[in-house]
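A.B. asks: below are the sequence and a predicted model for it; my questions follow.
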Amino acid sequence: MRKLSMDELQRDSVEDFKNKQKNPLVLVLDNVRSLHNVGSAFRTGDAFAVEKIYLCGITGTPPNKEIHKTALGATESVEWVHVPTTLEAVEGLKQQGYQVWAVEQAQNSTSLADFKPHVDAKYAFVFGNEVFGVEEEVIEQATGVLEIPQFGTKHSLNVSVTVGVVVWDFLSKRQ
C-alpha cells in the first residue's frame, strides 16, 4: 500500500466543482465565533459537495486569513452567504422547501443513530455557537433537533467535529 499522489486523486478544479451537482444539503453556522471552525466547515462542505453555507450573526466571513488557514481554499469553491440572524436564514430555507434540523442537545431530540433522511427532501443543518449552542428561537422554528450520542464525561463536541459527523452520517444514509 502507498498513499495516492495528487494526480491520482483526480480532484475537481474549482470551476468544475462549482458546476457539478451538489448534495441537497446546506450548512448553517449560528454565531460560530471561531474562525478555525468556520474554515473547517468550508473544508467539510467542499469534501462532501454541499450546496451552500449560511454564515449567520457574528460568524466570520471570507476573505479572512484565519478562515483560509483551515479552509485551504474551500472558500473559493463552496457557495456561501452571510445572513444577519440565524432565524432569518432558517425562515428563508423553510420557505425554499428545506427541512431544517438544529444539531443540539434538547428535549425530544432525535438521536443521530435513529435519524432517517428522506431521499427526495432537501436538508439544512444548524450548528451552534461554541459556548451557547443553537439559539432557542432557532430550535423552536426547526423541523427537528438532532443529537449526537456521546458516551464520555464531556457534554459536547467541537463544532467542526460535529459538522463532519452529521454530514457524513446524512450522506451515508442517503446512499
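C.D. replies: Looks like it came in fine. Residues are numbered from 1 along each chain as shown.
A.B. asks: show me where the chain has strands.
C.D. replies: Secondary structure of the chain (DSSP state E): strands at 23-30, 50-56, 80-83, 98-103, 110-111, 122-127, 144-147.
A.B. asks: how about those strands in JSON lines, adding mean neighbour count?
C.D. replies: Every C-beta, even on glycine, is put in place using the N, C-alpha and C of the backbone. As requested, the strands of the chain are exported to JSON lines (neighbours: other CB atoms under 10 Å):
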{"stretch": "strand 23-30", "mean neighbour count": "24"}
{"stretch": "strand 50-56", "mean neighbour count": "23"}
{"stretch": "strand 80-83", "mean neighbour count": "17"}
{"stretch": "strand 98-103", "mean neighbour count": "23"}
{"stretch": "strand 110-111", "mean neighbour count": "12"}
{"stretch": "strand 122-127", "mean neighbour count": "24"}
{"stretch": "strand 144-147", "mean neighbour count": "18"}
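A.B. asks: how about a markdown table for the ones you listed, with mean pLDDT and distance to residue 42 added?
C.D. replies: Output for those, formatted as a markdown table (pLDDT from 0 to 100; distance: least, CB to CB, whole Å):
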| stretch | mean pLDDT | distance to residue 42 |
| --- | --- | --- |
| strand 23-30 | 97 | 9 |
| strand 50-56 | 98 | 6 |
| strand 80-83 | 98 | 7 |
| strand 98-103 | 98 | 17 |
| strand 110-111 | 98 | 26 |
| strand 122-127 | 98 | 13 |
| strand 144-147 | 98 | 21 |
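A.B. asks: please convert those to JSON lines, extending it with distance to residue 70.
C.D. replies: Shown next, in JSON lines, are these (distance: least, CB to CB, whole Å):
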{"stretch": "strand 23-30", "distance to residue 70": "13"}
{"stretch": "strand 50-56", "distance to residue 70": "13"}
{"stretch": "strand 80-83", "distance to residue 70": "15"}
{"stretch": "strand 98-103", "distance to residue 70": "19"}
{"stretch": "strand 110-111", "distance to residue 70": "29"}
{"stretch": "strand 122-127", "distance to residue 70": "15"}
{"stretch": "strand 144-147", "distance to residue 70": "24"}
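A.B. asks: who does the most centrally placed residue in the chain bridge with?
C.D. replies: By CA atoms, centre = their mean, the mean C-alpha position of the chain lies nearest to residue 27, the distance being 3.3 Å. For residue 27, the beta-bridge partners under DSSP bridges are residue 53, residue 125.
A.B. asks: list the contacts of residue 46.
C.D. replies: With contact set as CB atoms under 8 Å, 6 or more residues apart in numbering, residue 46 has these partners: 17, 71, 74, 77, 78.
A.B. asks: tell me the contacts of the first one?
C.D. replies: When contacts are counted by CB under 8 Å, 6+ apart, residue 17 touches 46, 49, 77.
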